[in-house]
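Participant: sequence below, structure please.
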Amino acid sequence: MAIFSFLSPFYLAVLCVLIVIILQNMKKSEGKKEKGETKTESRPWVDEDLQDSTELLAEEDGTSPSGAHTEPWTFVVVEDPEVKHKIREIIEEEEEINYRKRMGDKWVNDLKRLKTNWVKEYLDTAPYLILIFKQVYGIISNTKKRTHYYNEISVSIACGILLAAIQNAGLVTVTTTPLNCGPRLRLLLERPVNEKLLMLLPVGYASKSATVPDLKRKQLEDIMVVV
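Facilitator: Next comes the predicted model:
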């Protein structure tokens, strides 16, 4: 937060506009390359050693602003194939129940155009999985807790910075929010009771055969209001 404390609201707005324009230009120049239908079998990855990259990403993400500077996040980087497969088993088991019962017909129908389902093969094939946990409160001692203000908002901001850093590093990911999987994944990864799973990001280099959905984005005038 201190990084932008010297900027007036006007200059912050201008900065946001410039970022949007840059992103739109990048999208136009790369649009043809990225067009294509989503593959139904899995998301392809190139299996390379990304240890240095993942450490750098976590280090950069640790600079994210947070409520009262409590830094209420934990980034669990998983590279062990057996652990990744256990994560996949938990998520697929819960996701099948989500699709068949919990989510309801409308939600499931809204996802059909993206061709998603409960089969998550990329959890095995991606070189790394980054699981982002929010610390609902801090633990000072066995009997004393530390308040983490705006913990979910703070960790969500950190996730946004992490996504930008992943793309800037030339890597790819897909945002995954495993519904009803948090408690089991927390136990699997031996995380303390004050942590709750917020997001999971598979990370790696895209293979040459990788494709993404040709999704249309809202126009600038539909997402920004200048007063």
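
Participant: from here on, just use CA atoms for contacts and neighbour counts.
Facilitator: OK.

Participant: could you measure from Gly104 over to Leu114?
Facilitator: Distance of Gly104 to Leu114, computed by Cα to Cα, to the nearest Å: 17 Å.

Participant: ok, these two, which is more surrounded?
Facilitator: Leu114 (16 against 11; other Cα atoms under 10 Å).

Participant: give me the pLDDT value at the more buried one.
Facilitator: Predicted confidence (pLDDT) at Leu114: the value is 88.

Participant: OK, contacts around the residue nearest the centre of the chain?
Facilitator: Geometric centre of the chain, nearest residue: Thr175, 4.1 Å, by Cα atoms, centre = their mean. Contact analysis of Thr175 by Cα atoms under 8 Å, 6 or more residues apart in numbering lists 199-202.

Participant: just for this protein, where's the confidence low?
Facilitator: 1-63 (pLDDT under 70).

Participant: residue boundaries of the strands in it?
Facilitator: Here the chain has its strands, by DSSP state E, at 45-46, 73-78, 128-135, 137-139, 145-147, 195-203, 205-206.

Participant: could you dump those strands into JSON lines with mean neighbour count and distance to Leu220 added?
Facilitator: Listed next are the strands of the chain as JSON lines, based on neighbours: other Cα atoms under 10 Å; distance: least, Cα to Cα, whole Å:
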{"stretch": "strand 45-46", "mean neighbour count": "18", "distance to Leu220": "32"}
{"stretch": "strand 73-78", "mean neighbour count": "19", "distance to Leu220": "32"}
{"stretch": "strand 128-135", "mean neighbour count": "23", "distance to Leu220": "30"}
{"stretch": "strand 137-139", "mean neighbour count": "16", "distance to Leu220": "37"}
{"stretch": "strand 145-147", "mean neighbour count": "13", "distance to Leu220": "38"}
{"stretch": "strand 195-203", "mean neighbour count": "22", "distance to Leu220": "27"}
{"stretch": "strand 205-206", "mean neighbour count": "18", "distance to Leu220": "29"}
